[in-house]
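*Asks:* Here is the input, now give the coordinates:
(2 chains)
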Number of protein chains: 2
Amino acid sequence: MIKLQNDDLPSRIEVSAALKATENLVKHTLKNSPKAINEITTHLSKSAGKGIRAKLLILCAMGEDGLVPKEAVKGAAAIEIMHLATLVHDDIIDDAKTRRGITSVQSKFGKREAVICGDYLFCLSFASISTIYEPYTELVPNFAKTVSKLCLGEISQSYNNFNTEITFFEYLKIINGKTASLFYISAYGGATLGGFTKSECKNIGRFGSYLGMIFQILDDCKDYTFTKNEALKPVQNDLKSGVITLPLIMSFLKEPKLRGYTKNIILDGIEINKILKEVDRLDGVNQSLYIAEKYSYKAKKILQNIKNEEKYKNLTLLLEDTTSSIKIT
Amino acid sequence: MIKLQNDDLPSRIEVSAALKATENLVKHTLKNSPKAINEITTHLSKSAGKGIRAKLLILCAMGEDGLVPKEAVKGAAAIEIMHLATLVHDDIIDDAKTRRGITSVQSKFGKREAVICGDYLFCLSFASISTIYEPYTELVPNFAKTVSKLCLGEISQSYNNFNTEITFFEYLKIINGKTASLFYISAYGGATLGGFTKSECKNIGRFGSYLGMIFQILDDCKDYTFTKNEALKPVQNDLKSGVITLPLIMSFLKEPKLRGYTKNIILDGIEINKILKEVDRLDGVNQSLYIAEKYSYKAKKILQNIKNEEKYKNLTLLLEDTTSSIKIT
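*Replies:* Model (predicted):
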């Protein structure tokens, strides 16, 4: 019933081939799901994410020979499918109409279908990871722990909705759970499949975490800067639904009385532009980008331990691409 | 972070001790979850189900010595937590106000919290199963496949809402997915942990499936017979939300023109009593109970292969208790 096969690949493959195979595997899996759910998963297959988590996993699995084990393709597909599952469920929570430029599952098929579709993708992801279990006995429990951390991050965010008293560190803890955890396991899991030592896996796992933190901080900044078309998802959604993110928190730190002022505005749900103007005046986005830069610096230091030149180059590029998706102005 | 430990148990234990340990483990896990989700899971711990899936798993794990391996406790707790996860998500889908006699998570904490809480419990369940992976390498992929089958059953049911043309076999296929699949893996998984041969595991897995079919058919009958207080969940919910179950399908078979008539009533959502009266007149509940009896007969035949007398007796009792929860009148 669950098909997530890549048995026709040679045991070690080029990075580019692994990336292509992962993309194909995810699409194939979504398009060839059982009849009952096929319409929904086929809809999801029409739009792909950037595949940054898959890329991270595959690059971290790269060995001295510049190749990656074929199991990395299954692992990367599992991560992307898990990510997709969380997006489908996120859209129920946020009542989002679009995702990745297409109609969201809950909007097109209904809440009921979105709940079940997300659960189904969860299973698909676990099924895939578990088929590469041996001899990587820690992968499945680690993966389950990671995803539970993700859930805890999501729920903490939910509890902190409309909480203008949220601290800088509380925010970091939340995004560490809801976003960086999946980046962590991508990097850690990739290195595990690549046969690296536990200490090397943990180290590159930390790189993954930092990359995830940067990714989320920049994503949160987009809510304050991007137009609807650019971000491919509705902007100012965070603020409208009471999610307080870094650009606003950095503005609070500069101007504490803004906390109370903001609370009234977001609870009213009107004149959101007033907050945007304040964040702009107080340089909230650039302040956030500086924080992202700090993570970038830490992440670069970890990469210095990588011996393979191509691997170093590629991971540096991935980091730079992520960090520079918005420039400090 | 995820705690689902039973390491202080001896390696083989009595069935009654295993049942108690499972109940304690589930409660302990729910009560001691991380802070972010603790209020919700503590709420869930206040009410327990009948634990029929856990009991099935533990009984199927019983060896010739009349004892079960302690891993069965982790397995049984994982199954119960997965079942709980599906209930939490079901309640979002059905907009249910109560569950097991307490307020549902979505009703008490909100839709957002219920989505994430279900996801968290999913992870907890997979994390638990994966810690007993070795040497049972097939357990996790089998478990993931089973839960995906459950999702497919749920979604097929959803697609068939208000479909009065649904056939007897389509109904059976749906409940085989949404309910019997978890019973199957409980029995199959229990036997696996008990060290039985693959063929014995499959055989007892079939017993589990049949038990699940009986359980669901009887549960569907309750919607047509029980009062709100007896069933501990709102009755006539299925019908009101357009779910066509066996008592009605059996009535359709006797009186085909009822299909069109029913469609109008359930789409209107009024005068549900008219349908109840028709099902009563056409003996829909008793006809359904006869189908359940047929499964019971098949299930009993499988039990005849069991050598251990106590195991035979206990599984027979479990079957009889399930089958006789409503009597044919």
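
*Asks:* The nearest residue to residue A:110 once chain neighbours are set aside: which element?
*Replies:* Nearest residue to residue A:110, sequence neighbours excluded (Cβ to Cβ, 6 or more residues apart in numbering or on different chains): residue B:158, at 8.0 Å. Using the backbone N, CA and C atoms, a C-beta is placed for each residue, glycine as well. Remark: residue B:158 resides in helix B:139-159, with elements defined by DSSP states H and E.

*Asks:* now the farthest one out in chain A, which residue is it?
*Replies:* Relative to the mean C-alpha coordinate of chain A, counting by Cα atoms, centre = their mean, the farthest residue is residue A:257 (32.7 Å).

*Asks:* how about the strands in the stretch 101-250 of chain A?
*Replies:* For the stretch 101-250 of chain A, the strands defined by DSSP state E, counting those that start in this stretch cover A:102-103.

*Asks:* Quick check: residues of it near chain B?
*Replies:* By Cβ under 8 Å from any Cβ of the partner chain, the residues of the stretch 101-250 of chain A that approach chain B are A:110-113, A:115-120, A:122-124, A:126-127, A:130-131, A:133-134, A:137, A:140-141, A:143-145, A:147-149, A:151-156, A:158-159.

*Asks:* Can you verify my assumption that residue A:48 contacts residue A:23?
*Replies:* Yes. The pair residue A:48 and residue A:23 passes the contact test of Cβ atoms under 8 Å, sitting 6.8 Å apart.

*Asks:* Can you list the low-confidence ranges for chain A?
*Replies:* Along chain A, the parts satisfying pLDDT under 70 run over A:1-7, A:133-135, A:226-236, A:267, A:269-270, A:326-329.

*Asks:* On the three-state scheme, residue A:63 is what?
*Replies:* coil (DSSP: H, G, I helix; E, B strand; the rest coil).

*Asks:* Contact partners for it?
*Replies:* Neighbouring residues of residue A:63 by Cβ atoms under 8 Å, 6 or more residues apart in numbering or on different chains: A:12, A:69, A:194, A:195, A:308.

*Asks:* And it, how far from chain B?
*Replies:* 25 Å (Cβ to the nearest Cβ, to the nearest Å).

*Asks:* For the helix or strand harbouring residue A:20, which outside residues touch it?
*Replies:* Per DSSP H and E, residue A:20 falls inside helix A:15-31. By Cβ under 8 Å, 6+ apart, the surrounding residues in contact with helix A:15-31 are A:3-6, A:9, A:13, A:38, A:41-42, A:44-45, A:48, A:51, A:54-55, A:58-59, A:61-62, A:66-68, A:70, A:72-74, A:76-77, A:80-81, A:84, A:124, A:310, A:314.

*Asks:* Skip ahead from it and say which helix or strand is next.
*Replies:* Sequence order places helix A:35-45 as the next helix or strand after helix A:15-31, per DSSP H and E.

*Asks:* That next one: what's the following helix or strand?
*Replies:* helix A:52-60.

*Asks:* What angle do helix A:15-31 and that following helix make with each other?
*Replies:* 140 degrees (axes from the mean of the first three to the mean of the last three Cα atoms, to 10 degrees).

*Asks:* How far off centre is helix A:52-60?
*Replies:* Centre-to-centre, helix A:52-60 and its host chain are 12 Å apart (Cα atoms, centre = their mean, to the nearest Å).

*Asks:* which helices and strands does the next helix or strand after it pack with?
*Replies:* Per DSSP H and E, the first helix or strand lying C-terminal to helix A:52-60 is strand A:68-69. Judged by 3 or more Cβ pairs under 8 Å, 6 or more residues apart in numbering or on different chains; DSSP states H and E, strand A:68-69 is in contact with strand A:12-13.
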